[in-house]
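# the following comprises the amino acid sequence and a computationally predicted model.
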Amino acid sequence: MSKVLSVIIPTYNMEALLPRCLDSLLADEALESLEVIVVNDGSKDGSLGIARSYASRFPSTVTVIDKPNGNYGSTINAALPVAKGSYVKILDADDFNDTKALLQFLSALSGIDADLAVTHFTQLGSGGAKEVFKYNTMGKEPYEYGKVYEADDVLKDGYIRFFLMHAIAYRTDLLRNIGYHQSEGISYTDTELAFLPIFHIASLVFLDINLYQYNLDREGQTMNPVVLARSASQLEKVTDRLLEYYESHIAAVSEVRRAFMKQYIENRLRVMFKLHLLDMPRNSFNAEVFGAMFDKYMEACRRDGLSFKLYPDNKLLRINYITYWQKHRRRWPAALERCNSLLDKVVKWAYVKIYRR
């Protein structure tokens, strides 16, 4: 039986969590149609031994690639050329899949023909907190599950602003045909996987399956605010790659795709500015470093016709960060930042209670 799905698991020093990840995949009913590729990225702990033990137990399903450390993107680049599945999905070693949902996903993939499959995912926080993310807008789910849409018919409607790695699986041949290659030597390159191929997809399908279980409750997790602040330079390098790809491919796509990708890159620049101007601890903020990045990206905005504003997430304080920086070349006063942080928490709590399940 041919493999329906290849799951690539980038692994670096994950001996404590890799077994949970692998166990979530290797149900008896999944083995024939599933391929699991564990890429050991130069781990210094027992991750490689664990991966090889699973490969010996499940030789027709689990493959291990052992390579020197090259960071996240290098693991994808190592696995993609050898993947046998019709579709490919990334699963970080500290995360896991819902096993029942995986079986549903495999069944669904075997009966569809689309470049991109989009599922739900659960974000797991501290103290057992769970939040399910679906591609909806303010509680509305506008797409028929299981129906294959032409990509532009979805991208034109404004409901979807971006895709996240946890929710997507691509047709393997699509990634190979576009020569997909992820940046190496830095973290946060999963954003490239969620952005670059969208220029090329012709079709997509939404599936009512809550597959990926995204673990944020781990010390050192890359999305931890402290780690993010330390990694601002890596995020900037990823943003540079997205912008470079945008500029080299935008002229060749439809007007609908152009508008979607323009919105995406504007949002990415907004995220970068927000990281420095509000999210980053004040004692980590470097005005000179941010000023250079700000000027570089504002020049790109002028060059590419990009335009956006940056207001607080709570949408109650109507002070544009960008205008404030341009006028004062400094961040907001500390008292205003504390007030804004409190409002953000209150508004997010209310939103989750009303719209998320």
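Cool, the structure landed.
# tell me the secondary structure for S183?
Under DSSP: H, G, I helix; E, B strand; the rest coil, the three-state class of S183 is coil.
# for it, give me phi and psi.
Dihedral angles of S183 (phi, psi; degrees, to the nearest 10) stand at phi -60, psi 140.
# let's have the chain start at 188 instead
With 188 as the first residue, the last one maps to S370.
# you'd agree it is up against R428?
Yes - with contacts defined as CB atoms under 8 Å, S370 counts as touching R428 at a distance of 5.5 Å. In this view, the C-beta of every residue, glycine as well, is placed from N, C-alpha and C.
# pLDDT below threshold where in the stretch 388-537 of the chain?
The model of the stretch 388-537 of the chain has pLDDT under 70 over residues 405-413.
# quick one: the helices in it, in order.
The residue ranges that make up the helices of the stretch 388-537 of the chain, judged by DSSP state H, counting those that start in this stretch, are 412-417, 419-436, 442-461, 474-491, 508-515, 521-542.
# about what we covered before: which residues are in contact with both of S370 and R428?
Residues touching both S370 and R428 comprise T376, E379, with contact defined as CB atoms under 8 Å, 6 or more residues apart in numbering.
# which one of those two is surrounded by more residues?
For the pair S370 and R428, the greater number of neighbours falls to S370 (22 against 19), based on other CB atoms under 10 Å.
# list the contacts of that one.
Counted by CB under 8 Å, 6+ apart, S370 has contacts G260, T376, E379, K424, V425, R428.
# the protein: strands as residue ranges?
Counting by DSSP state E, the chain has strands at residues 192-198, 221-228, 249-254, 274-277, 283-284, 303-311, 317-320, 335-337, 355-358, 390-402.
# adjacent strands (with direction) for the fourth one?
For strand 274-277, the paired strands and their directions (DSSP bridges) read strand 192-198 (parallel), strand 355-358 (antiparallel).
# state the mean pLDDT of the last one.
To tie it back to what came earlier, the one meant is strand 355-358. Averaging pLDDT along strand 355-358 gives 98.
# then stretch 249-262?
Per-residue pLDDT values across stretch 249-262 average out to 97.
# got the buried residues for that stretch?
With burial defined by 16 or more other CB atoms under 10 Å, the residues of stretch 249-262 counted as buried are V249, T250, V251, I252, D253, G257, N258, Y259, G260, S261, T262.
# now the last one: how far from A338?
Translated: T262. As for T262, its distance to A338 is 27 Å (criterion: CB to CB, to the nearest Å).
# got it, and the fifth one?
Using CB to CB, one gets 37 Å for the distance from D253 to A338.
# go ahead and confirm L429 touches I452.
Yes - between L429 and I452 a contact is recorded at 6.3 Å, counting by CB under 8 Å.
# okay, these two: which has more neighbours?
Taking L429 and I452 together and counting by other CB under 10 Å, I452 has the greater number of neighbours (24 against 20).
# any idea how far the more buried one lies from I299?
29 Å.
# then A288?
16 Å.
# out of those two, which sits in the busier spot?
When A288 and I299 are compared on other CB under 10 Å, the one with more neighbours turns out to be A288, at 21 against 17.
# I'd guessed that one sits against L398; true?
Yes - the pair A288 / L398 is scored as a contact, 4.5 Å apart, by CB under 8 Å.
# which neighbours do those two have in common?
Taking CB under 8 Å, 6+ apart as the contact rule, A288 and L398 both touch T306.
# fine by me, thanks again.
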